[in-house]
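J.: sequence plus the predicted model coming up.
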Amino acid sequence: MTSFDEQRLIQLTRDGDYDAFNRLVVEYQDAVFGVVLRMVRNRSAAEDITQDTFISAFRKISSYRGGIFRAWLFRIAKNASLDYLRKIARRGEISIDEESVYFSETVKDESQDPEADVLNAELARLIEHCMDELSHDHRFAMVMIDVEGYQYDEAAESIDVSVGTVKSRLNRARARMRDCVQQDRELLPTSMRLYDKEN
Amino acid sequence: MVRKFLVGRKDLSIDAINAFVEGKASPDEIQLVENLIRDNTSLERDLYTQKALRSLFGRIEKIEAPRSFAVTPEMVAAAEGHDSLLSRVAELFATQRRLALAPAVIGVIAAAGVALLTIGDVTGIVDQSSSIPDDSFSTTAIL
């Protein structure tokens, strides 16, 4: 989709065109759902938040003042995710799906070691645990930049802070993740073994 | 470790370190990181650990939406109805909140009255008439 098309679709949405808006939904739903799921780590909640994000975006399209449209969507999604996380924290609930670990499908050792699957599951849980230890701001920066691969400017626009703040948060998040993961370094596959502090 | 090391040269160092970890450092940034490492050897281990961690994240696949999140007029109407209901409930509770404050306001006024009477009694502003016999006592005297 070219930026011209996107702007045209946004303009049509302002005129109340659902079909135009839903083309934007199709374009960005994977991205929004991915970020939300990695933030709240509960599939059902992530679906609800993603749907609410798009409904809210449609209703508030007049408040979109330009810039990266996807970042504007991320900002709505992030705020909804934080509302959800605060709500469950107040209630003392656990958000994370116990049966689902969202990194296990992808962090695979290519050595074909028969024990690799078990280790990968453990590694995935470790990463999940370490991500959970991060503050919401740090987690969002890490999810946006390191996990989803977005640029600093887009992450900054999504969080509504400066690029420098995003860099600073990411720097701290990486340091904290490093410290956390190092506590169980033996779980890391040999092909991805972190730098050995003792050597 | 990294944070402690960055004091005083924060922005420049953070930019250089982030770029180094991401493998996007310019020659100047590499030089800066190498200087930082020379001053603090444990920083090297930290940065290579962060690089490995980032490469780990690089292997994570994108998540696909499990269904369509297309928006319909019914969804928007429902959301607007929900918001409208919420605002009506909020208005209702706004009045109740004001009423709920009444006991607290009365309490504060009563406490202030007692405090003023006590101060008046201690300082003698409130008349404790000498016409009352010494061997008698009445709280009405302070009135």
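T.: That came in fine, so what should we check first?

J.: ranges for the helices of chain A?
T.: Along chain A, the stretches classed as helices by DSSP state H are A:3-14, A:18-40, A:43-59, A:69-91, A:116-133, A:136-142, A:152-159, A:163-182.

J.: possible to save those as CSV with mean pLDDT and distance to B:Ala19?
T.: Heads up, the C-betas are built off the backbone N, CA and C, glycines and all. Below are these laid out as CSV (pLDDT from 0 to 100; distance: least, Cβ to Cβ, whole Å):
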stretch, mean pLDDT, distance to B:Ala19
helix A:3-14, 87, 27
helix A:18-40, 94, 23
helix A:43-59, 96, 32
helix A:69-91, 92, 22
helix A:116-133, 76, 23
helix A:136-142, 92, 16
helix A:152-159, 92, 11
helix A:163-182, 89, 9
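
J.: so can I have JSON lines of those showing mean neighbour count and distance to B:Ala110?
T.: Converted to JSON lines, those look like this (neighbours: other Cβ atoms under 10 Å in any protein chain shown; distance: least, Cβ to Cβ, whole Å):
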{"stretch": "helix A:3-14", "mean neighbour count": "14", "distance to B:Ala110": "58"}
{"stretch": "helix A:18-40", "mean neighbour count": "21", "distance to B:Ala110": "49"}
{"stretch": "helix A:43-59", "mean neighbour count": "20", "distance to B:Ala110": "48"}
{"stretch": "helix A:69-91", "mean neighbour count": "18", "distance to B:Ala110": "35"}
{"stretch": "helix A:116-133", "mean neighbour count": "18", "distance to B:Ala110": "50"}
{"stretch": "helix A:136-142", "mean neighbour count": "22", "distance to B:Ala110": "45"}
{"stretch": "helix A:152-159", "mean neighbour count": "20", "distance to B:Ala110": "49"}
{"stretch": "helix A:163-182", "mean neighbour count": "21", "distance to B:Ala110": "50"}
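
J.: relative to B:Asn35, which of these is closest?
T.: Nearest of the helices of chain A to B:Asn35, taken as Cβ to Cβ: helix A:163-182 at 17.5 Å.

J.: mind giving me the domain split of chain B?
T.: Listed domain ranges for chain B are B:2-58, B:103-143 (source: automatic domain parsing).

J.: any idea which of these scores lowest on pLDDT?
T.: When the domains of chain B are ranked by mean pLDDT, domain B:103-143 comes last with a mean of 69.

J.: quick check: domain ranges of chain A?
T.: If you go by automatic domain parsing, chain A breaks into A:3-91, A:116-192.

J.: between those domains, which one is closest to B:Gly107.
T.: Of all the domains of chain A, domain A:3-91 comes closest under Cβ to Cβ, at 28.8 Å.

J.: ok, that closest one near chain B or not?
T.: Yes: applying Cβ under 8 Å from any Cβ of the partner chain, one finds domain A:3-91 in contact with chain B at A:18, A:21-22, A:25-26, A:29-30, A:32-34, A:37-38, A:43, A:47, A:50-52, A:54-56, A:58-59.

J.: chain center to that domain, what's the gap?
T.: 13 Å (Cα atoms, centre = their mean, to the nearest Å).

J.: show me the helices in chain B, by range?
T.: Under DSSP H, chain B gives helices at B:2-6, B:10-21, B:27-39, B:41-58, B:73-100, B:102-123.

J.: now do the fifth one, average pLDDT.
T.: Put plainly, it is helix B:73-100. 76.

J.: quick test: name the residue nearest the centre of chain A.
T.: A:Val35 (2.7 Å; Cα atoms, centre = their mean).

J.: do I have it right that A:Tyr150 meets A:Met142?
T.: No: in this structure, A:Tyr150 is not within contact of A:Met142 by Cβ atoms under 8 Å, at 11.2 Å.

J.: coming back round to it: want to throw the helices of chain A into TSV with distance to B:Ala102?
T.: Output for these, formatted as TSV (distance: least, Cβ to Cβ, whole Å):
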stretch	distance to B:Ala102
helix A:3-14	47
helix A:18-40	41
helix A:43-59	38
helix A:69-91	28
helix A:116-133	45
helix A:136-142	39
helix A:152-159	43
helix A:163-182	45
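
J.: those: which one's closest to B:Leu56?
T.: helix A:116-133 (7.5 Å).

J.: residue contacts, residue 26?
T.: The chain I'm using is chain A. Going by Cβ atoms under 8 Å, 6 or more residues apart in numbering or on different chains, A:Val26 touches B:68, B:70.

J.: wait, chain B
T.: B:Ala19.

J.: tell me how far it lies from A:Asp17.
T.: 45 Å (Cβ to Cβ, to the nearest Å).

J.: how about the helices of chain B, which one is nearest chain A?
T.: helix B:41-58 (3.8 Å; Cβ to the nearest Cβ).

J.: tilt between that closest one and helix B:27-39?
T.: Interaxial angle, helix B:41-58 versus helix B:27-39 (axes from the mean of the first three to the mean of the last three Cα atoms, to 10 degrees): 130 degrees.
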